[in-house]
Structure formats: C-alpha cells, structure tokens
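Asks: Attaching a predicted model along with its sequence, questions to come.
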Amino acid sequence: MILAKNLRFLRTEKGLTQTDLAEKLGVQRTMISAYEDGRSEPKLSALDIFSKLFAVSIDELLHHDIQQFGRKASKNKEIKILTIAADESDRENITMVGQKASAGYLNGFADPEYMESLPQFHIPTLSRSATYRAFELSGDSMLPLVAGTVIIGSYIEQLRDIKSGKTYVLVTSSEGVVYKRVFNYLEENGKLFLVSDNEHYKPYEVKAEDVVEIWEAKAFISTDFPNPKDKAKPVSLDDISQMILDLKTEIIRLR
C-alpha cells in the first residue's frame, strides 16, 4: 500500500487531478483511482513515467513512505559548480556576500555579471586547493559571533561530506542564506538538522533537495572583540540531542 499512498500524495502535492495524471499516462481516470486505492498495480512503464514526473526513484515509490518521512536524498547528491572570480594571475578571489546582498544571492549566484558586482578580496594564508566565499552574518543566533561577522567558507561539492556537529553556511531555497551547526540525517530521512549556538533559537530541519550550496566554515573576520562574560552559554552535545528530540516530537505532533 506504500505505492498507492505515495501516488496519491505526490499527485496532490503537484496539484494534479486524477484526470490530469490519467492523460499523462494515456489511461482512464478509473485506472489512476485503482492505483491510489491499491486495487491495481501499475506496470513498469507507468512506474517509469511516475518516477520522472515526480522526480523520485522507482525504489522510493515502491518502498519509502514519502508523506511520512519526506523524500530521500542521495548522499552523493552534487551541488553545482559555482561562478568564480579570479585576479590577473588567475588566482581565485573570495567573493563577499554582505547582508544586503544575501537576498539577491539565491537568484544571482550563477550569474557571472552579478557575481562580478560583489566585493572581492584575497587571504594568502588560505589553501589554494579550495574555493572560498565570504558571508556576512545577521542576527545573534550564533553567538558569540555577532551580526556583521564575516564567515569564510570552503565550498562543499557533495552532501555526503557534511560532518555532523560542524558549522556551515547553507544557501537553501526554503531559508535563504543561513549559518548554522549542521547534523546530517540524509540517509535516515533525507534531511539536515540546523542548530543555533544561541540556546534561545530552536533547531529546525531542511530537506536535502532544498539545498543549493554548502560552505564549511573555515575562518571568520570580525571587528568586535567579545567580552568573555557576554558569551552565550555553550551548547553541549546533550543539549543538541535534546533539541533534536524535541523537534522530532513536535513534527510528529503536527502531523
């Protein structure tokens, strides 16, 4: 019955009627109804059409409850190569994405003209074997790093390389540009859990398919010299585990 449930969920999620889906398959509407009720099973050719139409694997359609657990994400999912700025010596520069620029970055990161319009700089001590980008923080969710701090991140090509507990700048279609401590649950449910170092902010989840870019934090630049007394309370692994447990409980309750 997982297939029947998945077909019904994916069809409604895409805003299609049973008649719409029947036309795409070249069958009667009653056949789609039978698929969704579990009274009939589609042939391989129909499964292939469903797979392409809903952008899921046939294995996922047959064996994974998409409505309950979300879409699976391959741990090998690649994030596309970026537009890179270089100097006269063909040495890569670091492009700076300020707070005001972050809103347009989601749409402009692949546009060479847009990227060239952003400030660029170079740090000699960073390894030349990686690609870097700089992002200016807003808000106080990652204290003791305050708003205005610039995070320099190293480009991560594959989601499988995300290491739980480390901090990353994520560019996502759902949340925009954020800097968080990330926990990798891709193989379990196709999602990432994002945790703030400031305990006043609750963790939340992001679907892998919403991730556009990931940058592993390597350094930061700040004109603020924080007083140790003003630092946020450190978040322990036990605290993080409890926050994630609370989040999962809340998600189940909302369902």
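Replies: Nice, thanks for sending it over. Residues are numbered from 1 along each chain as shown.

Asks: CA only for contacts and neighbour counts going forward, please
Replies: Will do.

Asks: number of nearby residues for T83?
Replies: Other residues lying near T83 total 15 when counted by other Cα atoms under 10 Å.

Asks: So it sits against P112, correct?
Replies: Yes: using Cα atoms under 8 Å, T83 is in contact with P112, at 6.1 Å.

Asks: Helices along this structure, start to end?
Replies: For the chain, the helices defined by DSSP state H cover 2-13, 18-25, 29-37, 44-54, 58-63, 66-69, 99-108, 112-116, 186-189, 237-254.

Asks: Redo those helices as CSV? Include distance to A217.
Replies: Below are the helices of the chain laid out as CSV (distance: least, Cα to Cα, whole Å):
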stretch, distance to A217
helix 2-13, 35
helix 18-25, 45
helix 29-37, 46
helix 44-54, 34
helix 58-63, 33
helix 66-69, 29
helix 99-108, 17
helix 112-116, 20
helix 186-189, 20
helix 237-254, 19
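
Asks: for these, which one sits closest to P124?
Replies: Nearest to P124 among these is helix 112-116 (20.5 Å), distances taken as Cα to Cα.

Asks: Would you mind splitting this protein into its domains for me?
Replies: The record assigns the chain these domain ranges, following automatic domain parsing: 2-69, 94-254.

Asks: mean pLDDT lowest for which of these?
Replies: Here the lowest mean pLDDT among the domains of the chain goes to domain 94-254, at a mean of 83.

Asks: Name the residues that touch stretch 212-230?
Replies: 79-80, 132-133, 144, 146, 148-157, 166-173 (Cα atoms under 8 Å, 6 or more residues apart in numbering).

Asks: Buried ones in that stretch, by neighbour count?
Replies: V212, E213, I214, W215, E216, A217 (16 or more other Cα atoms under 10 Å).

Asks: go on, stretch 154-171?
Replies: In stretch 154-171, counting by 16+ other Cα under 10 Å, buried: 154-160, 162, 165, 167-171.

Asks: do the same with stretch 136-151
Replies: Of the residues in stretch 136-151, 136-138, 140-151 count as buried by neighbour count, 16+ other Cα under 10 Å.

Asks: And stretch 7-14, by the same measure?
Replies: Neighbour-count burial for stretch 7-14, counted by 16+ other Cα under 10 Å, picks out L7, R8, F9, L10, R11.

Asks: For the buried residues of stretch 212-230, could you give me a markdown table that also reports distance to L61?
Replies: Shown next, in a markdown table, are the buried residues of stretch 212-230 (distance: Cα to Cα, whole Å):
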| residue | distance to L61 |
| --- | --- |
| V212 | 24 |
| E213 | 27 |
| I214 | 28 |
| W215 | 32 |
| E216 | 33 |
| A217 | 36 |
